[in-house]
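> Got a predicted structure plus its sequence, pasted below:
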Amino acid sequence: MSKHSIKYSNLLYFFTRGNKKYLLITIIIFLVVFYISYFGFSEILKDDIKDMEGTDYKEFKVDSFLDFFINNSKVFLCTALGLGFITFFSLLYQAYSLGMLYSLWIHQGLSIKTFALLTIPHGIFEIPALFIAGAIGFRSFTLLIHYLRKKDLDYRKNFEQISYNLILMIFLTFLAALVEYFVTQKIV
């Protein structure tokens with residue numbers, strides 16, 4: 001290995017430095033809301049699942065990967081640039097929706113394996129992009145508070161790091177859109 005090669009651990013550090021606590025907050029919020037949504041809908045759906053049988057999942061197909069990319073980019077940019085408030089509600093909505101969808105899927109008696117096949121291939125890019133967007137939003141909120149309190153910080157360095165994370169978020173969103181269109185839609 002040459003001395004100029006990039007190690008994945010160094011690359012991961014480069015993108016997460018200064019964001020670890022914000023990533024952790026984002027992941028905790030997402031998992032808690034997903035859990036509450038899943039189990040909350042499980043209770044509701046026990047009796048009402050008969051009304052939802054026969055859903056045609058083909059109706060959810062999209063015409064181009066750009067539709068996936070543009071839609072997810074808008075959501076993630078709003079999350080990232082939401083300065084904490086929109087960030088928080090966007091994370092709530094995303095986790096709530098996924099938990100509800102998973103609950104619906106399970107209560108219809110559909111295969112967990114199929115659900116995994118429909119979510120994991122693009123989710124390995126899309127969910128980290130969402131977490132990065134959340135971390136950016138919470139970090140930006142913290143920086144705004146520090147700025148308003150006139151704390152002496154290296155705002156240029158912070159802006160630079162946020163910019164790198166935005167680029168990574170968009171790149172992951174692009175990869176997720178490609179996989180969602182070219183792989184996931186073929187499974188449906």
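Structure's in. What do you need? Every value quoted in this text rests on a predicted model; they were computed, and no experiment measured them. Residues are numbered from 1 along each chain as shown.
> alpha carbons only for contacts and neighbour counts from here, please
Will do.
> For the residue minimising distance to the centre of the chain, which non-adjacent residue is spatially closest?
Geometric centre of the chain, nearest residue: residue 130, 2.5 Å, by C-alpha atoms, centre = their mean. Take residue 130 and drop its neighbours on the chain: the residue closest to it by C-alpha to C-alpha, 6 or more residues apart in numbering is residue 76, 6.1 Å away.
> Am I right that the one you found is in contact with residue 136?
No: using C-alpha atoms under 8 Å, residue 76 is not in contact with residue 136; the gap is 10.0 Å.
> thinking again about what came up before, now for the residue nearest to the centre of the chain: which residues touch it?
Residue 130 sits next to 76, 79, 91, 169 when contact means C-alpha atoms under 8 Å, 6 or more residues apart in numbering.
> Name the SS class of residue 109, please.
coil (DSSP: H, G, I helix; E, B strand; the rest coil).
> What are the phi and psi values at it?
Main-chain torsions, residue 109, degrees, to the nearest 10: phi 80, psi 20.
> distance of it from residue 103?
Counting by C-alpha to C-alpha, to the nearest Å, the separation of residue 109 from residue 103 is 10 Å.
> re earlier: find the pair from the contacts of residue 130 with maximum spatial separation.
91 and 169 (14.9 Å; C-alpha to C-alpha).
> Could you pull out the strands in the protein for me?
For the chain, applying DSSP state E gives no strands.
> Just give me the longest helix of it.
Counting by DSSP state H, the longest helix found in the chain is helix 112-148.
> and it, which residues are buried?
117-120, 122-123, 125-141, 143-144 (16 or more other C-alpha atoms under 10 Å).
> if we can go back for a sec, in terms of packing, which of residue 109 and residue 103 has more residues around it?
residue 103 (22 against 10; other C-alpha atoms under 10 Å).
> thinking the more buried one is in contact with residue 41, fair?
Yes: Residue 103 lies in contact with residue 41 (C-alpha under 8 Å); the separation is 6.1 Å.
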